[in-house]
Structure formats: structure tokens, C-alpha cells
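In: The sequence isn't on hand, but the structure is:
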């Protein structure tokens with residue numbers, strides 16, 4: 001495309017942006033407000049105890065059900081934790097489910113670590129399990 005035609009195309013497609021008027025907010029008011037879009041929401045009044053290996057062994061010995069769900073990111077892990085799950089799994093299935101890969105063997109350790117850190121950051125009570133199968137090259 002010639003420069004003159006390209007310049008005309010850019011000028012004709014550019015429109016002025018609307019003016020946004022922002023009202024000043026006092027710092028103390030801003031700090032006390034809770035965003036409705038926050039993935040954390042409002043903190044629980046009765047935070048539950050952390051699930052540990054000892055907790056899981058105790059549930060197993062009593063033959064009580066142990067709840068577990070898979071999460072691959074902060075928001076889903078936060079919801080699972082708030083729902084009271086005992087364990088949250090970050091498995092290499094995230095390769096296909098969250099990253100759109102063809103096979104679980106395509107996900108690299110660095111990607112697994114990133115997702116595991118995100119899930120662990122969201123969980124306050126659930127036990128986080130990260131599972132990645134490292135395949136040796138043929």
C-alpha cells in the first residue's frame with residue numbers, strides 16, 4: 001500500500017475519544033471500598049483451618065470422604081477453596097484444558113510452576129497438589 005493511501009485510511013478510521021470525567025475520591029474512602037470484581041470478594045468471618053497431610057490421614061483413617069477438585073488458575077482455585085474443598089489438584093491436564101495443547105506431554109515445567117503458584121496463592125485452607133509427568137525424550 002502506498003504511504004498516501006495508508007495515511008488517508010488511518011485518518012478516516014480514527015475518531016476522537018470520548019472525554020472521561022473522574023471525580024476525586026479521598027484516600028481513606030478508596031481504601032475501605034471493596035471491589036465487586038475482586039476475585040477475593042469479602043473475607044470469610046470464620047476462616048477454616050488449613051488442610052495438612054495429618055488432616056488427610058485422619059480423614060482417611062476415619063473413612064470420611066476427602067473432597068478434591070482440579071483448578072488451573074487463581075479464580076477457580078479461590079472458588080474451590082471457598083467451597084471447602086480439602087484438596088485442589090493442578091495437573092498436567094492443564095496443557096489441553098487451559099493452554100489448548102494437543103497432549104499433556106507438551107506442557108513444560110515452567111508453565112506448570114506458574115499455574116501451581118497461582119493456585120497456591122488462592123488457597124487459604126485447601127491442600128494444593130501439583131502433578132506433572134516428565135517424559136524422557138525418545
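Out: Looks like it arrived, so ask away. This one's a predicted model, so the numbers in the text were calculated from it and none came from an experiment. Numbers count the residues shown, from 1 in each chain.
In: what's the next secondary structure element after the helix or strand harbouring residue 57?
Out: In the assignment (DSSP states H and E), residue 57 maps to helix 53-61. Using DSSP H and E, the helix or strand that directly follows helix 53-61 along the chain is strand 68-70.
In: who touches that next one?
Out: With contacts defined as CB atoms under 8 Å, 6 or more residues apart in numbering, strand 68-70 is touched by 80, 85-91, 93, 129. C-betas here are computed from N, CA, C, even on glycine.
In: likewise stretch 110-124?
Out: Taking contacts as CB under 8 Å, 6+ apart, the residues outside stretch 110-124 that touch it are 39, 47-48, 50, 71-75, 77-78, 80-81, 88, 90, 92, 94-95, 98-99, 128, 130, 132.
In: before we move on, back to that, and the helix holding residue 57, what other elements does it pack with?
Out: For helix 53-61, the elements it packs on are strand 127-131, judged by 3 or more CB pairs under 8 Å, 6 or more residues apart in numbering; DSSP states H and E.
In: Show me what the strand it packs on is packed against.
Out: Checking 3+ CB pairs under 8 Å, 6+ apart, strand 127-131 ends up next to helix 53-61, strand 87-91, helix 109-122.
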